[in-house]
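> show me the folded form of this:
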Amino acid sequence: MSTQKNESFAFINRIYKGRKKVAYMSEIKQSNSKAIVALIMGVLSLLIPFIGIILGILGLIFASKSKQEIKLTGESGNGLVTAGKVCSIIGIILNVIVILIFLVFFYFAVSTDITTF
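Take a look at the predicted model:
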C-alpha cells in the first residue's frame, strides 16, 4: 500500500513540476470552527442593519478566541480570523453611522414645526 502511495505521489510531482506540491487529505490541516463562525458573524454584521452591532461584537469575540486556539492547536484559519475581524469592525462602524443618521433624521423630523396654515 505504501509503495502505491509513493508512486502516485511521484507521479503527481512530475505533473506539477515547479508548482505547489499536492498534499494528501490526511495531511491537510482542518480550519478552526470558531474562525469560520467569526467570518460568518462579520459578514452578517455588514448585511443586517441594527442587529449588526451585536453580530460584529460576537464576531470579534469569536475571532480573538479562535486566534488563541489556532496558536495552541496549530489548525489553519488565520486568514479567516483576519477577515472576520475586519468585517466585524467595519460592520460595527457602519451600523453606528446608520443609527446616528436615523437619530438625526428623526430629531429634525420631530422638532420641525409642521403648521402650514
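
> what is the rounded mean pLDDT of the longest helix along the chain?
Criterion DSSP state H: the longest helix present in the chain is helix 78-111. Here helix 78-111 scores 94 as its mean pLDDT.

> pull out the buried positions in it.
Judged by neighbour count (16 or more other CB atoms under 10 Å), helix 78-111 contains these buried residues: L80, V81, A83, G84, K85, C87, S88, I89, G91, I92, L94, N95. (Glycine included, C-beta is placed from N, CA and C.)

> quick one: list the elements packing against it.
If contacts are counted by 3 or more CB pairs under 8 Å, 6 or more residues apart in numbering; DSSP states H and E, helix 78-111 sits against helix 33-47, helix 52-73.

> how about the longest one: buried residues?
The neighbour-count criterion (16+ other CB under 10 Å) identifies 52-53, 55-56, 58-60, 62-63, 65-67, 69-70 as the buried residues of helix 52-73.

> distance from that helix to the middle of the chain?
Relative to its chain's centre, helix 52-73 lies at 9 Å (CA atoms, centre = their mean, to the nearest Å).

> and it with helix 33-47, angle?
160 degrees (axes from the mean of the first three to the mean of the last three CA atoms, to 10 degrees).

> thinking again about what came up before, L100 is nearest to which of the helices and strands packed on helix 78-111?
Closest to L100 of those is helix 52-73 (CB to CB; 11.9 Å).

> ok, residues contacting that closest one?
The contact list for helix 52-73 (CB atoms under 8 Å, 6 or more residues apart in numbering) reads 32-35, 37-42, 44-46, 48, 75-78, 80-81, 84-85, 87-89, 91-92, 94-96, 99.

> try 6 Å
With CB atoms under 6 Å, 6 or more residues apart in numbering as the test, helix 52-73 has contacts from 32, 34-35, 37-38, 41-42, 44-45, 77, 81, 84-85, 88, 91-92, 95.
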